[in-house]
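[1] Predicted model and sequence below, questions to follow.
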Amino acid sequence: MRVHVTDLQPGDLMQHDVYNDNGVHVLRKGTVLQIEEISKLIQHSVDYIEIEPREVLITADSSSDTPETLHQIKPQFDQAVESISSIFMDALKHGKFHEDLVDDAFKPVVETLMKQKDVVSLLLLLNGQDDYTSRHSMQVGMLSYYLATWMGYNDDEAYEIGKAGYLHDIGKCRIPLEILNKPSKLTYEEFEEVKRHTLYGYDIIRESMDDELTALVALQHHERDDGKGYPLKLRSKQIHPYSHIAAVADVYSAMSSNRVYQSKQQLLHVLRELHTMSFGQLNGKPVHAFIKHMLPNFIGKKVLLTSGESGTIVMTNPSDFFRPLVRTSDRFIDLSKEPDSAIHEIKF
């Protein structure tokens, strides 16, 4: 079975020895290909190889993440965004909210998330321009749920962690809009008021639910392992594991979204930033689990490069996870070897 190297899949079995154009032996017959071996073939400019025929596998959810399917679920997510906005208003007016409203909004979303594997496409689909706080809450709930499942939490725990992410910013309902929506840099006093949303959130959730852990996530999601977070300057072991998860989801969503004072950053670039933050700020365990499970979602995504070229991500680069191999109409670009070229935008 003759296959172009960019169409190879981990697990493919080589039928023959492979040599490059200079006669250098690259890989032996019988090699079971993994990402490292496929990358090696590309580095040696090998175009085609022969592999053993693949078994044809048909899975029930093989088409679950098509653009058409994703667009069909968008109204459900938009409803969850509207619901968290209403919950914020109730909390502002009454100092509490009805827990049933949270479950009514978030449970259907989780049932949908269980069937969807392409998290990157979901983020691209749901990253709207309007109502940052509510949309951000939806994204953090979604990402917290996914991250909890990737870390091995059971379904009930993952739901609770996702719900805590959904409610993590509820305290912002008490922050004046002129501060939340201020396009310029906040004054010291304004930033101190914003920081109080963690304390407000804890109080509101304790008034609304018999759930200490969800309240702790609202309180602790801006704490950092090095003790430089807020409001209590806790260190790693003092922060609840659920809060570590929500913090990763919170940072990723915030950095990859448009805000009044900051343009969104490219999704792979934000993963790199998370990786950097895992050495002292964000807890390494959830960060590394997040990166590990997010990276495969980028394969096959269409991108616009800073050079103006359009292409498709065909492989994660084992030497630099955040600068993948891109195929354009007329060439392959290994971004790890072209420092002057980068991904400008990932398209849905």
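    All right, it came through fine.
[2] make it CA atoms for all contacts and neighbour counts henceforth
    Noted.
[3] Give the rounded mean pLDDT of stretch 302-313.
    Stretch 302-313 carries an average pLDDT of 94.
[4] Quick one: residues in contact with that stretch.
    The set of residues external to stretch 302-313 that reach it, using CA atoms under 8 Å, 6 or more residues apart in numbering, is 298-301, 324-329, 341-348.
[5] hmm, who's touching the helix or strand bottoming out on mean pLDDT in the chain?
    Least confident helix or strand, the chain: helix 35-43 with a mean of 80, by mean pLDDT, DSSP states H and E. By CA under 8 Å, 6+ apart, the residues outside helix 35-43 that reach it are 5, 8, 10, 26-27, 47, 315-318.
[6] one step back: now the buried members of the contacts of stretch 302-313.
    For these, a burial check counting by 16 or more other CA atoms under 10 Å picks out 298, 301, 324-328, 341-346.
[7] So which of those residues sit within strands?
    324-328, 343-346 (DSSP state E).
[8] Let's have the residues you listed in CSV, adding pLDDT and distance to M114.
    Output for those, formatted as CSV (pLDDT from 0 to 100; distance: CA to CA, whole Å):
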residue, pLDDT, distance to M114
P324, 92, 28
L325, 90, 29
V326, 92, 30
R327, 89, 31
T328, 91, 33
I343, 94, 30
H344, 92, 30
E345, 91, 27
I346, 92, 24
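[9] what would these look like in JSON lines with distance to A254?
    Output for these, formatted as JSON lines (distance: CA to CA, whole Å):
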{"residue": "P324", "distance to A254": "23"}
{"residue": "L325", "distance to A254": "27"}
{"residue": "V326", "distance to A254": "26"}
{"residue": "R327", "distance to A254": "29"}
{"residue": "T328", "distance to A254": "30"}
{"residue": "I343", "distance to A254": "19"}
{"residue": "H344", "distance to A254": "18"}
{"residue": "E345", "distance to A254": "17"}
{"residue": "I346", "distance to A254": "17"}
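[10] between those residues, which is closest to Y166?
    Nearest to Y166 out of these is I346 (CA to CA; 25.3 Å).
[11] Which stretches in the stretch 101-250 of the chain count as helices?
    Under the criterion DSSP state H, counting those that start in this stretch, the stretch 101-250 of the chain carries helices at the ranges 119-126, 132-150, 155-166, 177-180, 188-195, 197-208, 212-220, 241-255.
[12] Please produce JSON lines containing the ones you listed, extended by mean pLDDT.
    As requested, the helices of the stretch 101-250 of the chain are arranged in JSON lines below (pLDDT from 0 to 100):
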{"stretch": "helix 119-126", "mean pLDDT": "86"}
{"stretch": "helix 132-150", "mean pLDDT": "95"}
{"stretch": "helix 155-166", "mean pLDDT": "98"}
{"stretch": "helix 177-180", "mean pLDDT": "94"}
{"stretch": "helix 188-195", "mean pLDDT": "97"}
{"stretch": "helix 197-208", "mean pLDDT": "98"}
{"stretch": "helix 212-220", "mean pLDDT": "98"}
{"stretch": "helix 241-255", "mean pLDDT": "97"}
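[13] Export the ones you listed to JSON lines and append columns for distance to E52 and mean neighbour count.
    Shown next, in JSON lines, are the helices of the stretch 101-250 of the chain (distance: least, CA to CA, whole Å; neighbours: other CA atoms under 10 Å):
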{"stretch": "helix 119-126", "distance to E52": "32", "mean neighbour count": "19"}
{"stretch": "helix 132-150", "distance to E52": "32", "mean neighbour count": "25"}
{"stretch": "helix 155-166", "distance to E52": "38", "mean neighbour count": "23"}
{"stretch": "helix 177-180", "distance to E52": "58", "mean neighbour count": "14"}
{"stretch": "helix 188-195", "distance to E52": "59", "mean neighbour count": "14"}
{"stretch": "helix 197-208", "distance to E52": "57", "mean neighbour count": "22"}
{"stretch": "helix 212-220", "distance to E52": "50", "mean neighbour count": "24"}
{"stretch": "helix 241-255", "distance to E52": "40", "mean neighbour count": "24"}
